[in-house]
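S.K.: need a structure here:
(chains A and B)
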There are 2 protein chains.
Amino acid sequence: MNVLEKVVTLNELRKARNELPEPVGLVPTMGFLHEGHLSLVKRACEQSASVVVSIFVNPTQFAPTDDLDAYPRDLERDAALLQEAGAKLLWVPTPEVMYPPDFQTWVDVEKISQPLEGEKRPGHFRGVTTVVTKLFNAVQPQKAFFGQKDAQQAAVIRQMVRDLNMSVEIVTQPIVRERDGLAMSSRNTYLNPAERQAALVLSKSLAAAESAYEAGERDAQSIRKIMEDIINAEPLARLEYVSCADFETLEELEIISNKALLSMAVYIGRTRLIDNCVLG
Amino acid sequence: MNVLEKVVTLNELRKARNELPEPVGLVPTMGFLHEGHLSLVKRACEQSASVVVSIFVNPTQFAPTDDLDAYPRDLERDAALLQEAGAKLLWVPTPEVMYPPDFQTWVDVEKISQPLEGEKRPGHFRGVTTVVTKLFNAVQPQKAFFGQKDAQQAAVIRQMVRDLNMSVEIVTQPIVRERDGLAMSSRNTYLNPAERQAALVLSKSLAAAESAYEAGERDAQSIRKIMEDIINAEPLARLEYVSCADFETLEELEIISNKALLSMAVYIGRTRLIDNCVLG
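M.R.: Sure thing, here's the model as predicted:
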């Protein structure tokens, strides 16, 4: 049976990591694991001799008004799932391990962090890129695995890796969905039954936009309108943004000519959900 | 005879670095090497199986009004000195290698970058910490060697390494001085003979302050006054700042009770020079 070692401090992590067979794959998470996370761990196990998973609900990527304190946690269940999935090492740093009292260094990716999530969640990506840099430096993985669910996050991290000469390969995995289409998210646990049903507007609007694209629609504003109309028709949904952007630069498009990212953030009741799909 | 390999691109660097015996020591420089740099290379050779030296006049740490274009360069002489000193690999990236067109990621160390050089040269340390992060990630040295001449730079880099979990040990080497006391600097080449003589006020004022400290003076303002008076008495010198600060935090002191850093920036004619010494 696979044995999962659990460490907390940086010294423990480094010591345990140095004993792992290489190449090492890292799956950074905020815990409360679902099938999406486990698909990352599975892929990492296929591509690495050892898989390290981090669980850290990173305070610096939450705004004061965000759901940091409410964010769901179940470390015992997570550890059992990871052991079963084949991970070798679980790093669960405390906030004090990650951010000691005199902490004062930040990694900022500028342009590609600005739109979409970056615009709606100021400071979010600075928190993400800083903590991911720390995870990479501590674990020194050959590959790191991120979900396509956080499409902009993956793009921001790829840019950071390129810009800072980091020697880690970023692998992204497709969104894992519930049977009815809802993208898996730890935040889905916030939804009551009516909201859970209403939350289907995200994946439905993406599906409708995708159908229109496949039928030949290339006007980005028409594609956005299709998504908006579906979301706005749902009384429990409040649209924050829909986007039809260039897949590489995340700049909003007028005409879809290359690979495009359709993405959105929608409040269902008080729960903020995101979803996306790639065209072309 | 030692053979120094020279590389330019990131791929060349990585390939050559992977063939070097470990541990690897890195000496980051801006070239136009003097005895101060060579003392770093010598120390690196003592402490590492292989020494990598980078030469890069990093545009992002110069303000538009700084001396980027005038900064002295002599790559052929530098390479000969490094070969003789025992370095194995010389990385001379071009600005395009370091900063490709879509470059957009920055490393910022906040508090300790604010005073002294950081106050007088806005953006300077952001350029330094970003390029040093890139050098560290590309070369992956076990140790990196910096001169105590740039005392705040060394402090900023130590803070960055701690904050971002970088697995490199920072080693600093004492200032190397000319016979008459002038701290070695590539910028000394800008000085005409009269200025070269006037430039002695930096080391002289530090020596006077050190004597006062050794005679029992612990009032920081009195120590600063001793340095200011000597510099202000020199017609070719224009004082930018003198500082008597805590060695760790770089906060200005009232009373010297622990280790303190005396530092200064002084224009001699149009040449900006810095110098420092440690008390206690």
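
S.K.: can you give me the helices for chain A?
M.R.: All helices of chain A, identified by DSSP state H, fall at A:10-18, A:35-47, A:75-85, A:95-98, A:116-120, A:124-139, A:151-163, A:193-198, A:200-214, A:220-232.

S.K.: can you tell if the longest one touches chain B?
M.R.: Same thing as helix A:124-139. Yes - contact of helix A:124-139 with chain B (CB under 8 Å from any CB of the partner chain) involves A:129, A:130, A:133, A:134, A:137, A:138. Every residue, glycine included, has its C-beta placed from N, CA and C.

S.K.: Repeat that for stretch A:10-23.
M.R.: Yes - against chain B, stretch A:10-23 shows contacts by CB under 8 Å from any CB at A:10, A:14.

S.K.: What average pLDDT does that stretch get?
M.R.: Taken as a whole, stretch A:10-23 carries a mean pLDDT of 98.

S.K.: For it, buried residues please.
M.R.: Within stretch A:10-23, the residues scored as buried using 16 or more other CB atoms under 10 Å in any protein chain shown are A:10, A:12, A:13, A:16, A:17, A:20.

S.K.: wait, the fourth one sits on residue A:4?
M.R.: What it means is residue A:16. No - Residue A:16 is beyond contact range of residue A:4, at 10.9 Å (criterion: CB atoms under 8 Å).

S.K.: Neighbours of the closest residue to residue A:43 other than its chain neighbours, how many?
M.R.: Nearest non-adjacent residue to residue A:43, counting by CB to CB, 6 or more residues apart in numbering or on different chains: residue A:173, 5.5 Å away. The local packing of residue A:173 (other CB atoms under 10 Å in any protein chain shown) involves 20 other residues.

S.K.: go on, residue A:195?
M.R.: Close neighbours of residue A:195, defined as other CB under 10 Å, add up to 18.

S.K.: now swap in the one 4 residues further on and tell me
M.R.: The criterion is other CB under 10 Å. On that basis, residue A:199 has 28 neighbouring residues.

S.K.: And the residue nearest to residue A:233 when sequence neighbours are not counted, how far from residue A:74?
M.R.: Of all residues not flanking residue A:233 in the chain, residue A:201 sits nearest, at 7.7 Å (CB to CB, 6+ apart). Distance, residue A:201 to residue A:74, using CB to CB, to the nearest Å: 28 Å.

S.K.: In terms of neighbours, single out the busier of those two.
M.R.: Comparing residue A:201 with residue A:74 by other CB under 10 Å, the one with more neighbours is residue A:201, at 25 against 14.

S.K.: quick one: pLDDT of the more buried one?
M.R.: For residue A:201, the pLDDT comes out at 98.

S.K.: what do you get for residue A:2?
M.R.: As predicted, residue A:2 sits at a pLDDT of 84.

S.K.: For it, which non-adjacent residue is closest in space?
M.R.: residue A:86 is the one closest to residue A:2 (CB to CB, 6+ apart), at 5.4 Å.

S.K.: Hmm, residue A:51 and that neighbour touching each other?
M.R.: Yes - the criterion here is CB under 8 Å, and residue A:86 meets it with residue A:51 at 6.5 Å.
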